[in-house]
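*Asks:* let's see this in three dimensions:
(chains A, B, C, D, E, F, G and H)
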Amino acid sequence: MYWSINLVILVFVIVCALAAIYVKDLLATAVLFGAYSFMMCLLWAIMGAVDVAFTEASVGAGVSTVFFVAAVFRTSRRTKD
Amino acid sequence: MNTFFLCISLGLCFLMFVSFYRCLMGPTILDRLIGVNAIGSKTVVLLLLIGFLYERVDMFVDIALAYGFLNFVAVIAASRYFHKRKGLYEGSFKGETKEVS
Amino acid sequence: MAQSAPNSCASVQSEERKKKFSFVSFFLTFILMFLTWVVLSGNFSTLLISLGVISSLLVAWFFHDLLFPNVTSRYPGLFFGFIAYIPWLMWQIVKANFNLMFLIFHPRMNELIDPHITVFQTHLTSDLSITILANSITLTPGTITVTATADGLFSVHAIDRRSADALPGTMLAKVAGIYGEKQ
Amino acid sequence: MEFIQSIKPVLAVLIPLAVIPVLVSSGGRPNVREAWTFIAGILSFALVVSMVPAVLDGNRIGLTLFPIAPGADIALSVDALGMLFALVASSLYIITAMYSIGYMRGLNEHSQTRFVAFFALAISATIGAAFSANLITLYLFYEILSLATYPLVTHHQDETSKVSGRRYLTFILGTSIGLVLPAMIWCYHATGTLEFSAAGIFTGQLSTPSATVLLLMFVFGFAKAGIMPVHTWLPAAMVAPTPVSALLHAVAVVKVGVFSIIRVLTGIFGVELLSSLGLGGLVAFIASVTILTSSAIALSQDEFKRRLAYSTIGQLSYIVLGAALLSPKGMTGGILHITMHAFGKITLFFCAGAIYVATGKKYLSQMVGIGYRMPVTMTAFLIGAMSIIGLPPTGGFISKWYLVLGTLEGDQAVMLFVLLTSSLLNAAYFMPIFYKAFFCTPAEAMFERKFDEAPVMCVVPLVITALISFIFFFVPQPFLKLSTLAVTGFTGG
Amino acid sequence: MKLLSLIVVCLTGGLLLYGTADLPDWGDPNTPASLHLSKYYIENAIRDTEVPNLVTAVLADYRSIDTMLETAVVFCAGLACFMLLRDFTPKKDHYYRHVPSGVILHVKNPDRQIIAGNEFEDMDKEWLPPDTIIKTVCRMLIPFIQIYALYVVAHGDFSPGGGFQGGVILGSSFILLAISYNLKYLLKRVSEKFLGILSAAGVLVYMGIGLAAMVLGGNFLDYEKYAPIFGEHHIRALGMLGVEIGVGMSVTAVMVIIYINIVSEGKHDEGL
Amino acid sequence: MIHYPAIVVIAPLVGALTAGILSFVEERYAYPAALIATGISCAAAVRDLIYVAGHGPIAYHMGGWAPPMGIEYRIDTLNAMVLVLITAIAFLNLAASRPNIKQEMPDRRPSFYAMYLLFVVGLTGVASTGDLFNLYVLIEITSLSSYTMIALGDRDRGPISALNYVFVGVIGASFYLLGVGYIYIKTGTLNMAEFATMIPTLQDSTTILTAFILCLVGVFIKMALFPLHVWLPNAYSYAPVGFARIVAPLMTKVMVYVMVRLMITVFGLDYIFIKLHIADTLVWLGTIAILAGGVMALAQTNLKKMLAYIIVCEIGYMVGGAWLGNNLGLTGAVLHILNDGLMTFALFLAVGNMVYKLDRVQIKDLKGLFAKMPWTMTGFVLAAFSIVGVPPTCGFFSKWYLILGAFKAGAWHFAAALIMSSLICAVLFFKVFEVCFFESPDTHVGHGSDTHGRHTTVAIQEAPAISLAVLGIAGISLIVVGMYSKTIVVRLIWPLLRS
Amino acid sequence: MNFFVVICLCIGFLFFLGGTVGIIRMPDFYTRLHPAGKLDTLGLFAMVSGLAAYNLHHFSLSTLLLSVKMMLIVFFVLHSIPTATQAIVDAGMRAGLSPFTRKKTSQLQGTGEE
Amino acid sequence: MTELFMLIAAKYNYCLYVILMMIGLYAMIAKNNLMKKLVGMNIFQTAIILFYVSIGFKHNATIPIIKGDHGHGGHGAAIHAADYMNPLPHVLMLTAIVVSVATLGVAMALCVKVYQRYQTLEEDELRMRLSEKIKS
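*Replies:* Predicted coordinates for the structure are as follows:
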């Protein structure tokens, strides 16, 4: 029943991951990484892991991204790859 | 009804894909940020829909709520970056600076 | 650690300290927090209610000045004014959205839009009213607040000329009306 | 033949060890320090001597200290061979201690405390090796000895001693870790024990080729014995102060090497196995090559101590040769030669040191006419040299006699020839020294002071050792008894 | 390098796929994983612990030591950020802003850093006037976020969430405060010392519950042993609640510590 | 009810938290708190060991839940031994390193103690847990604290090497975690003992094989087996002294313990040696690690780095020994965990003392150290002998068992590598000794052979007494442990292998 | 009841669709923010209220509270999305992005900061 | 071929997690920028979490929170294991997520520290700076 959403989101997750890695700006990486976390959260919600989804929502969306932005803020946005 | 919810969910997934195009291609980071923000608001709904699919929406509401808050935090943080970094001297020192040694 | 903090900081702190602990604000925050708790919790067992009281007290104790920085007697008026403002705003929002939908799905969109930035000065003074106005502008037809300074200077990005011309207009009047401030 | 549990051997090992902290802490007061050295030496000598009667009765004294693996404990056990070696080492320790006082103070050497401390450690390890009950204990003390002597060898801490020290450790440690250790583990792996026993520990686990390889690993692995390709450390180590050369490179270190080889030949392989496999001849051949080559090289050395070093290499191989003859007489001769050579060679080293202290001369070509100036020293030198050559009336004659008898007994004429040739060579490299010292015109500066011996503390020890060498010709009894006892133990007869 | 890493990655992937071949199908309810241990948990947790959220029951009771150590990891991370980045060296330059007029003074002499009076404000080079809209909205949202976070901590037993999630949300509310005002404002409200103590105290609360159980004669973290004090009813649920509160405290403090140290490079002056 | 297994782990945690709080309140008391905590932990570990040697394994049920449901801390002779090693070293090092810590990080000392104790918590936990996932969490505590500490070391290189360590360490831990996942999906349990009972029915499963390989690779990365060792030398040589002294002896050794535990308790020797045919490969890996570590150590000019490569080499000993496939080799490996921990500890203690006085430990900076720091050098020499494998020290005895095992298994290459590495280590340390012994600290010109007797006397500048005392204890224990190795083997190791 | 829910969801979906298309189609950053800020808010509002209504199917205190909780989401989002939009646009302004204009000589009256 | 396809179809979750994990691993090894490596690290860790959560999934089961009618004191109908997702992997992954966040925080602190010292986050540039430092 849920496999269709699951598959779609999984593909989405992989696209997000690739994008986060190949984008040539660290802030963009941080932002895309946030999107990746959203997708992961959804994926886990679909798979019935509510607690994990909750954690991922709070961590990935709330804290990780902010940390990333903070770190980029204190370092640089430049990246060669 | 569940089938309907499923269809709506898949539709939202599709919309997320489309929004993600902006994330992927956005010429500036702020465009990406818009994309992420759009994805975020769809995700909130999607979480609720999944809750209905599982017939346990009371459990999923919490996640959606947290999501709403925290997406906001992330976006604010990312945009604050530009407030500080690019406009370093535009808005920060209003008026003249006096040197006192 | 202590040495690195210069004394001027202490002066700010003393200013803080001068600000008296406002019981009303504390109490209002507590009530609000507790109501929120009840809505969130949906469970009325003794343990959870008492935990809710404790949590609300904690939040109220630490952050009452965030929600209600300076309590005035006009709060009830404000509250009802705001309630009355909402339906109007909703209607504006719906209008705005259909307008926007029309724009978006229009095949020759690029010819219809005419984005530009307008600046106007208001005489709003309180943060809250400025914020409400700014957010309302953002949500209503074709305009987004770019900046709104504390002195009431707004700059707004409008998607077409028509929506730009509508500003500040009735919305400012309504918001100012709620807060009883000059336009 | 009983086994007596006793703590005495342990004490004999521990006393020099235990005195080290005292030595170090009394480093500021040299006299106190030397007193402690003497006390330790005398005590441990007394302990060793106290065990002699029991050993002469054919008993074994010992104690198991630490079990480290099944069948391989750290254990001490005194038998005739070990007793003989321990007697030599502990008695000469006292004498050398006396000598080193004279030598070190005479030359005003630095770091004397370090010197005596490591000296004590070395002697402790030597006694321990002598009393080892099994191969692993022997190996343990062997390694301690190698490391303890390194600071002694490189005592001067200059460029030359650095190079020599490097060579010393390379050979000694390299061979012991690279050859002895695997060989030992091989034995343990094959038999499950490393205990010395008269019949050997192998009961048919070894084929002839592997036994040959194992034997060669041991013989070359105990590089302290100075078998020819691995001998080069010995001349190099002569940079050490003379007391070190004397005690360690005439007595302790090198003798531990040959002692270990004898132990392995008799206690691990067993005489019967060796003779049945015909491996004795192989070792004897290696030894005789070493004897001849080293004697020939000694002839060409001009530095006194280097000549003595090459002489030592040759003499050590006599001992190995004697053991490898596998005949009772030959083995007795070999074991007896440990003692005789020790006393003879230490005299020679003492003489070299005394000359250096008195005149600062190291090279033989500078020593023309020195007999006029140092008659006592040079007389002692003569006795020592005679003992080494094997001339009566010195102790060396007896051991060589037994060796010759051994060759005859084993019907090995080639070895007899080797022995005789090398004795000639010995004479050839010692006698010219004596000749130059007494019968040549002395160099001009020699006559400034007519009679100029080294300090008393230097001269007395060498007189004592020369006398002992002399006496041994007439009273070889305790040592001869011990060595025959040891040999009967090995051959099971 | 790229090629090499590609090879390594492919090898690992191949190994993993090889291992996948033998796995049971996805979502199959009859795998060993579902039949052995989790079967016990699902069928008996409510009887054993009276907590409907199985995840919480397993997390905070059956495998409580895991969670305690996990909290210790969090504490460790906070301490790590503090140790790595915290910079105690005093600043050389000081900037002061005259609040009424907005004039900035730049004081280069480190000795003359004291300027008396209420109207001067210590600030930094990267100072920015707080954005009115963001500030106001955040000001209003933060108490709600906080009560929500506390709700999440308290309701770990019945609904998803628990100490960690609640702690993170609470922490991000503080972070939001720091973002919308500035870092100094946050530190004025919750001092570094308070955060440091809170981060350790959270784990200590957790451990105190465990140790007290030990004192009462049970094993470490055996909540059953509190029955003589708090009564039989819901005793394990109570224990879990206490534990969740500890986790929440620790996580909150650590999230804030990590943020303030990263964003100001340990100088604690001006954040995002 | 015996609570010692829990106390061993909990005492340092309490200490860490107390020190963490005290670092914000009253800095002075952080150090005594830390010392007391490690002391209690050490005492409990010793008590464990005594109990276990007499009565057999202890199973401590955390939270009062029986094993498959709850988490079990299981102490048998093997981990009791490792626990004693860990806690004793932690305690001694804390006592010894106080002056170094004062010197190196004056402003964040209390936090250092807290972090240090967290590291100890991780190690003791790893050594005592009986649950596969719990092990992962504990490994992460250990890693996280070591990342931090390493970054606090050298100002230039510390953070970079720590960051490299983070990446490698995360890969390692994640592989392990993944392996646990594969185990879980096939068996549904996370308890080591219970899994061991299930393994006979799952021998042909590719999943279990993958799980095993993943766990093993994860542990190998963490223990720095040769091709995966790249993070180690920098990390250990740039760490602050007070920490290098504990991480170098313990971290890799505890990981070896984990490997041994996985082998003998979790997957079982039957599965590993009879079903799988990877033992030969791993012995070869061990051999290569030994040789490569030794050769790379030869190339170093920095003393700390040289020691770090020696650790790589020693890891080869243990891995190879454990995979020889016989009791002797395994005995040697287990014994070497203990011995190598001790001797590396002694070495790093000595090096720490040198750093305290000299600040730099390039080998060429050590001139005349025998005269300057005689006691430190004595300890160093003793430890070096142990590494080389000189008899009365304990290094010899574990090498003895390892070579025996190699002989028995017919792994001649491994035996040869062991002997080669002894020689290489001898050369290595000899190089250091020569510099310390021959070259005078002031002049660069070598003395001529005729200047002896006029050596300049160098004033003795020793490290603080407490450091020396600990070094002395470590040195003596090297010999004592060596002398009693049969007792250790027969009483503690063999009962384990026999069961 | 179900009919109302379906209508709500469909309208919400329509708004979301519009927002998404807007994000893709709009020519520049500032104009893209209009659909993102407005349409998403309303879409979310519509959908969540629809779902909240659906939730009241079995009416009880707990479901009522649950629906209120859902509306709480809407309340917060109504605050947060405009603010986020404003923050983003402000950021773009400060970062110096010039807005798209149809006439190149358009009267730019300010750049946000005076 | 069909069989293989069926195999993959039944286990596509497991296959896709491998792909995700490889993306992360590749980024960790091959990327030059430290921050990118961090992202890779996080992707790597989430891939593992994905694997675990996939283990816990059961068709036709609900989330692992006992439904209200079983709720407190649950003496109602018996609870069937097949009706609820497997809670254990979720528990484990909660812990793993926490650990990964902690690691992320520490790694970021390290990145900031490295940047403070060398003003770059690129590995090759860092290496260059280091070798310059050694030379000088």
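*Asks:* alpha carbons only for contacts and neighbour counts from here, please
*Replies:* Noted.
*Asks:* just the element for residue 44, please.
*Replies:* Using chain A here. Using DSSP states H and E, residue A:44 sits within helix A:26-46.
*Asks:* not quite, go with chain G.
*Replies:* helix G:40-55.
*Asks:* near chain H at all, the helix holding residue A:44?
*Replies:* Yes. Under the criterion of CA under 8 Å from any CA of the partner chain, chain H is reached by helix A:26-46 at A:26, A:29, A:33, A:44.
*Asks:* re the thing from before, tell me the mean pLDDT over the helix holding residue G:44?
*Replies:* Taken as a whole, helix G:40-55 has an average pLDDT of 88.
*Asks:* circling back: who are the packing partners of the next helix or strand after the helix holding residue A:44?
*Replies:* Toward the C-terminus, helix A:26-46 is succeeded by helix A:50-56 as the next helix or strand (DSSP H and E). With contacts taken as 3 or more CA pairs under 8 Å, 6 or more residues apart in numbering or on different chains; DSSP states H and E, helix A:50-56 sits against helix A:26-46, helix B:57-85, helix E:163-180, helix H:87-118.
*Asks:* between helix E:163-180 and the last one, find me the angle.
*Replies:* Comparing the axes of helix H:87-118 and helix E:163-180 via axes from the mean of the first three to the mean of the last three CA atoms, to 10 degrees yields an angle of 30 degrees.
*Asks:* hmm, helix H:87-118 touching chain E?
*Replies:* Yes. Figure legend: helix H:87-118 in contact with chain E (CA under 8 Å from any CA); contacting residues H:87-88, H:90-91, H:95, H:98-99, H:102-103, H:105-106, H:108-110, H:112-113.
*Asks:* quick revisit: ok, which of the helices and strands packed on helix A:50-56 comes nearest chain F?
*Replies:* helix H:87-118 (5.9 Å; CA to the nearest CA).
*Asks:* buried stuff in the following helix or strand past that closest one?
*Replies:* Sequence order places helix H:123-135 as the next helix or strand after helix H:87-118, per DSSP H and E. For helix H:123-135, the neighbour count (16 or more other CA atoms under 10 Å in any protein chain shown) marks residue H:126 as buried.
*Asks:* want to throw the helices and strands packed on helix A:50-56 into JSON lines with mean pLDDT?
*Replies:* Output for those, formatted as JSON lines (pLDDT from 0 to 100):
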{"stretch": "helix A:26-46", "mean pLDDT": "88"}
{"stretch": "helix B:57-85", "mean pLDDT": "85"}
{"stretch": "helix E:163-180", "mean pLDDT": "90"}
{"stretch": "helix H:87-118", "mean pLDDT": "91"}
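*Asks:* among these, which comes closest to residue D:192?
*Replies:* Comparison of the helices and strands packed on helix A:50-56 against residue D:192 by CA to CA identifies helix H:87-118 as nearest, at 49.8 Å.
*Asks:* show me where pLDDT drops low in the chain?
*Replies:* Using chain A. Within chain A, the segments meeting pLDDT under 70 span A:1.
*Asks:* sorry, I should have been clearer: chain G.
*Replies:* Scanning chain G for pLDDT under 70 picks out G:97, G:99-114.
*Asks:* mind checking if the longest helix anywhere in it is in reach of chain B?
*Replies:* In chain G, assigned by DSSP state H, the helix with the most residues is helix G:61-95. Yes. Interface with chain B: helix G:61-95 contributes G:66, G:69-70, G:72-73, G:76-77, G:80-81, G:84, G:87-88, G:90-92, G:94-95 (CA under 8 Å from any CA).
*Asks:* packing partners for the helix or strand containing residue D:438?
*Replies:* Counting by DSSP H and E, the element that carries residue D:438 is helix D:413-439. Helices and strands touching helix D:413-439, by 3+ CA pairs under 8 Å, 6+ apart, are helix D:279-299, helix D:370-373, helix D:375-389, helix D:395-409.
*Asks:* any chance of the ones you listed in a markdown table with distance to residue D:147 as columns?
*Replies:* What follows is the helices and strands packed on helix D:413-439, written out as a markdown table (distance: least, CA to CA, whole Å):
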| stretch | distance to residue D:147 |
| --- | --- |
| helix D:279-299 | 26 |
| helix D:370-373 | 37 |
| helix D:375-389 | 29 |
| helix D:395-409 | 31 |
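*Asks:* worst mean pLDDT among those helices?
*Replies:* Least confidently modelled of these is helix D:370-373, at a mean of 78 by mean pLDDT.
*Asks:* how far out from the middle of the chain is it?
*Replies:* Relative to its parent chain, helix D:370-373 has a centroid offset of 29 Å by CA atoms, centre = their mean, to the nearest Å.
*Asks:* in terms of pLDDT, where does the most centrally placed residue in chain B sit?
*Replies:* Closest residue to the average C-alpha location of chain B: residue B:37 at 2.6 Å, with CA atoms, centre = their mean. Looking at residue B:37, its pLDDT is 87.
*Asks:* does it sit in a helix or strand, and which one?
*Replies:* Going by DSSP H and E, residue B:37 is in helix B:29-54.
*Asks:* and what of residue C:129?
*Replies:* Assigned by DSSP H and E, residue C:129 falls within helix C:127-139.
*Asks:* correct me if wrong: residue D:320 contacts residue D:334.
*Replies:* Yes. Residue D:320 is in contact with residue D:334 according to CA atoms under 8 Å; the separation is 6.8 Å.
*Asks:* which one's more surrounded, those two?
*Replies:* Neighbour comparison, residue D:320 and residue D:334: the larger count goes to residue D:334, with 31 against 28 (by other CA atoms under 10 Å in any protein chain shown).
*Asks:* residue F:80 touches residue F:49, doesn't it?
*Replies:* Yes. Proximity of residue F:80 to residue F:49 meets the contact threshold set by CA under 8 Å, at 5.0 Å.
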